[in-house]
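Colleague: when you get a sec, could you give me coordinates for this:
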Amino acid sequence: MSASSLRVSAKRAAPRVMAMIQRGMATEKQIYNQMISTKNIQKITSSMKMVAAAKLKGDETRLKLAKPFNTWTTALREEPKLCEDATFEELPQKCLIVPFTSETGLCGGVNSFISKSTKRCVKALIDDGKDCNIVVVGEKGRSQMRRPLGEKILTSASGVQYPGSFALASSLSTEVIKEFKEGDFDALVFIYNHYLNPATYQQMYQVVSMPKNSSEGNFLVGYECDGEWDETVDSMYEYMLASQMFYCYMDAGASEQSSRMAAMENATKNAGEMIDSL
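Modeller: Predicted coordinates for the structure are as follows:
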């Protein structure tokens, strides 16, 4: 064997020594670049906070104007209840759940809270031996609930523009009524964020029981109808449902803007603290 062959064999047999990775302090230029990028983020979040605050003023006005659309429905529905610590035991045997979520992100936990409340409601119904399905309003809710509750979702309304109008709420209610009648459900359950003030919102659920025929219950007692009684009752409940969805949508929109404003304020503060530490 030649000397060159011996040297090649020795190199192959020699243990491979991994080069040690050395870490050092960041250079001044790296720190400066990090500070510049963080300041840019701070400017963006600060601007988004001011935009959300300006939009919240309009949302508060629209919510105030939407309340009369919902006041008259109190005689035909139950009062909304808090989702927190709720057992949902009063819900009927078969429910159609309609959670209201947003189309965009960067708004804190406003959508996560609705998704968690919906999951809890579905679990409570299943544990009680009841059945339910879901019609999701908003892209964020659909993406969050698609995997854990995919088999329960009948349809979803994505691309819904905000601020909405009563015409939009009417079109959404038409789709909900269609699924309600085809599925032979006993009640509708709206899950939405209820706006209290710019710093606080709560998760509420609203139960709306719709009669399957005019003989169920004493509706419109003391009133006379020019047309058919069944048709009058159906039309009234369709309008009531549209009014309720309009109010829930306005309430959820105001909560979304308040949550976005708070989230951008926290992001701005965090960016400032990072700049000070650098």
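Colleague: could you give the number of residues near the closest residue to residue 257 other than its chain neighbours?
Modeller: Nearest-residue entry for residue 257: residue 56, 4.3 Å, with adjacent residues in sequence omitted and distances by C-beta to C-beta, 6 or more residues apart in numbering. From N, CA and C alone the C-beta is placed, and that goes for glycine too. When neighbours are counted by other C-beta atoms under 10 Å, residue 56 registers 21.
Colleague: where along the stretch 1-150 of the chain do the strands fall?
Modeller: Taking DSSP state E, counting those that start in this stretch as the test, the strands found in the stretch 1-150 of the chain are 81-82, 94-99, 131-137.
Colleague: and those strands, which is most packed in?
Modeller: Mean neighbour count, computed with mean count of other C-beta atoms under 10 Å, is highest for strand 94-99 among those, reaching a mean of 25.
Colleague: rounded mean pLDDT for that one, please.
Modeller: Looking at strand 94-99 alone, the average pLDDT works out to 94.
Colleague: what packs against that strand?
Modeller: Taking 3 or more C-beta pairs under 8 Å, 6 or more residues apart in numbering; DSSP states H and E as contact, the helices and strands that strand 94-99 lies on are helix 110-127, strand 131-137, helix 166-183, strand 187-197.
Colleague: residue 275: which of those is closest?
Modeller: Comparison of the helices and strands packed on strand 94-99 against residue 275 by C-beta to C-beta identifies helix 110-127 as nearest, at 27.7 Å.
Colleague: show residues contacting that closest one.
Modeller: The set of residues external to helix 110-127 that reach it, using C-beta atoms under 8 Å, 6 or more residues apart in numbering, is 83, 86-89, 91, 95, 97, 99-102, 105, 131-132, 134, 138, 140-141, 144-145, 148-149, 152, 189, 191-193, 201, 203, 205, 255-256, 259-260.
Colleague: using CSV, list the CA coordinates for that helix.
Modeller: Once side chains and other backbone atoms are set aside, the C-alpha atoms of helix 110-127 remain, and they are given as CSV (Å, rounded to 0.1, in the frame of the first residue of the first chain):
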residue,chain,number,x,y,z
VAL,A,110,-62.4,39.2,21.0
ASN,A,111,-62.7,36.2,18.7
SER,A,112,-61.1,33.6,20.9
PHE,A,113,-63.6,34.3,23.7
ILE,A,114,-66.5,33.7,21.3
SER,A,115,-64.9,30.5,20.1
LYS,A,116,-64.3,29.2,23.6
SER,A,117,-67.9,30.1,24.6
THR,A,118,-69.2,28.3,21.6
LYS,A,119,-67.1,25.2,22.4
ARG,A,120,-68.4,25.2,26.0
CYS,A,121,-72.0,25.5,24.8
VAL,A,122,-71.7,22.6,22.3
LYS,A,123,-70.0,20.4,25.0
ALA,A,124,-72.7,21.2,27.5
LEU,A,125,-75.4,20.3,25.0
ILE,A,126,-73.7,17.0,24.1
ASP,A,127,-73.2,16.1,27.7
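Colleague: show me which positions of it end up buried.
Modeller: For helix 110-127, a neighbour-count test (16 or more other C-beta atoms under 10 Å) marks 110-111, 113-115, 117-122, 124-125 as buried.
Colleague: ditto for stretch 46-53
Modeller: Of the residues in stretch 46-53, those with enough neighbours to count as buried (16+ other C-beta under 10 Å) are 46, 48, 49, 52, 53.
Colleague: can I get those in a markdown table with distance to residue 77 and pLDDT?
Modeller: Compiled in a markdown table, these are given as follows (distance: C-beta to C-beta, whole Å; pLDDT from 0 to 100):
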| residue | distance to residue 77 | pLDDT |
| --- | --- | --- |
| 46 | 42 | 87 |
| 48 | 37 | 85 |
| 49 | 36 | 84 |
| 52 | 31 | 85 |
| 53 | 33 | 85 |
